[in-house]
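S.K.: Quick one, what's the 3D model for this:
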Amino acid sequence: MAKKWIEAMRLRTLPVSIAGVLAGCGCAVWQGKFSIVPALLCILFAISAQIASNFGNEYYDFKNGIDRKGREGFRRGVTEGDISPKAMKHATFIMLGIAAIIGCAMLFYGSLWLIAAGCAIMLFALAYSTGPYPLSHHGLGDITVVIFFGVIPVTLTCYLQTGEWSHLPELLSTSIATGLLAANVLIVNNYRDMEDDKAVGKITTVVIFGRTVMGQAYLFSGILAMGIMTPLWVQMPAWALSVPVIYLLLHVATWRKLKQSKGAKLNPLLGRSAMNLLLFTLLLLALLIARCV
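M.R.: A predicted model of the protein is given here:
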């Protein structure tokens with residue numbers, strides 16, 4: 001049974017949450033400030049919120065008849081009968097409760113307005129899959145990912161460590177770039193599920209625009225992300241450009257594999273896209289640390 005719950009957490013996608021926090025830590029280092037405790041709290045909060053969203057996605061998609069048995073994607077425990085819907089619903093709110101507790105601990109490092117930010121994050125973790133207008137069912141999943149896996153975690157992680165809003169061009173460009181790379185993970189997921197989603201009326205950007213267009217969007221968003229970070233790159237020594245070059249080499253290789261794959265063969269590319277993002281943020285963090293030493 002433990003294996004089924006671990007599978008439901010979708011561990012292959014969790015690097016996306018960690019990457020946003022690492023990028024935020026890099027921005028804090030850029031400003032000459034870094035604090036390990038709020039950084040760890042941000043990582044724990046991000047992982048807890050994403051697991052809650054993953055659990056909620058599985059429960060509410062089952063409840064709304066979106067998931068079907070034998071789908072091309074990773075096995076869904078509730079749909080396949082491995083986990084009861086009631087247990088998954090309870091697990092969703094337990095994880096949200098854990099995220100809320102971690103969020104309260106963050107208040108020691110920031111202002112009370114963080115409560116509103118935390119509530120918004122947890123609300124959208126559910127709104128992604130449920131409510132009167134589920135975001136992932138109406139072509140809004142991609143922009144939601146850019147905001148909640150890029151802009152918000154990067155900027156808030158940096159703020160909690162620095163206590164201020166400064167170096168905004170570098171901070172905002174890094175947060176948007178991180179969000180674009182995170183959205184690529186969702187593109188792979190929806191690229192794989194296009195026929196299944198279309199059959200049940202789930203509208204994703206891949207259903208709207210088709211695989212050809214969104215395959216090109218996958219490639220372009222990676223290139224655009226590196227370009228958006230120009231305010232940071234221009235302040236770095238020439239050798240620092242090896243970081244975006246390394247990422248782009250991995251990105252293009254994954255994109256080429258994406259064009260050649262169908263069905264379940266796309267599953268490894270979902271994890272590879274997430275790991276490409278994680279590696280990029282690790283290299284970025286290392287680069288910014290080296291610059292400040």
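
S.K.: Now the phi/psi pair for His138, please.
M.R.: In terms of degrees, to the nearest 10, the main-chain angles of His138 are phi -130, psi 30.

S.K.: How about it, nearest residue that isn't a chain neighbour?
M.R.: Ile203 (5.5 Å; C-beta to C-beta, 6 or more residues apart in numbering). Just so you know, the C-beta spots here come from the backbone N, C-alpha and C atoms, and that holds for glycine as well.

S.K.: Could you pull up the mean pLDDT of stretch 200-214?
M.R.: Averaged over stretch 200-214, pLDDT sits at 94.

S.K.: In the stretch 151-293 of the chain, what residue spans correspond to helices?
M.R.: 152-162, 168-192, 194-199, 205-228, 230-233, 242-260, 267-292 (DSSP state H, counting those that start in this stretch).

S.K.: can you put those in TSV and add distance to Ala23?
M.R.: Listed next are the helices of the stretch 151-293 of the chain as TSV, based on distance: least, C-beta to C-beta, whole Å:
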stretch	distance to Ala23
helix 152-162	5
helix 168-192	5
helix 194-199	30
helix 205-228	11
helix 230-233	11
helix 242-260	12
helix 267-292	5
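
S.K.: Comparing these by mean pLDDT, which bottoms out?
M.R.: When I compare these, helix 194-199 is least confident, with a mean of 89.

S.K.: in the stretch 51-200 of the chain, which ranges drop under the pLDDT threshold?
M.R.: Along the stretch 51-200 of the chain, the parts satisfying pLDDT under 70 run over 67-78, 80-81.

S.K.: right, and the helices of the stretch 151-293 of the chain - which one's nearest Ile66?
M.R.: helix 194-199 (7.8 Å; C-beta to C-beta).

S.K.: quick one: which of the helices of the stretch 151-293 of the chain is nearest Ala39?
M.R.: Once these are compared by C-beta to C-beta, helix 152-162 is nearest, at 6.4 Å.

S.K.: Return the closest one as PDB; C-alpha atoms alone will do.
M.R.: Only the C-alpha atoms of helix 152-162 are listed here, as PDB (Å, rounded to 0.1, in the frame of the first residue of the first chain):
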ATOM      1  CA  ILE A 152       5.700  33.000  -6.300                       C
ATOM      2  CA  PRO A 153       8.200  30.500  -4.900                       C
ATOM      3  CA  VAL A 154      11.200  32.300  -6.300                       C
ATOM      4  CA  THR A 155      10.200  35.800  -5.100                       C
ATOM      5  CA  LEU A 156       8.900  34.700  -1.700                       C
ATOM      6  CA  THR A 157      11.900  32.400  -0.900                       C
ATOM      7  CA  CYS A 158      14.200  35.400  -1.700                       C
ATOM      8  CA  TYR A 159      12.100  37.800   0.400                       C
ATOM      9  CA  LEU A 160      12.000  35.500   3.500                       C
ATOM     10  CA  GLN A 161      15.800  35.400   3.500                       C
ATOM     11  CA  THR A 162      16.500  39.100   2.600                       C
END
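
S.K.: List the contacts of it.
M.R.: Under the criterion C-beta atoms under 8 Å, 6 or more residues apart in numbering, residues 17, 20-21, 23-25, 27-28, 31, 33-35, 38-39, 41-42, 46, 106, 109-110, 114, 117, 121, 165, 171-172, 174-175, 178-179 lie in contact with helix 152-162.

S.K.: How far away from the center of its chain is that helix?
M.R.: 16 Å (C-alpha atoms, centre = their mean, to the nearest Å).

S.K.: was I right about the residue nearest to His138 contacting Leu140?
M.R.: No - at 9.1 Å, Ile203 and Leu140 do not qualify as touching, with contact defined as C-beta atoms under 8 Å.

S.K.: Of the contacts of helix 152-162, select the buried ones using a PyMOL command.
M.R.: The PyMOL command for the buried members of the contacts of helix 152-162 (criterion: 16 or more other C-beta atoms under 10 Å) is given here:
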select buried, resi 17+20+21+23+24+25+27+28+31+34+38+39+41+42+46+106+109+110+114+117+121+171+172+174+175+178+179
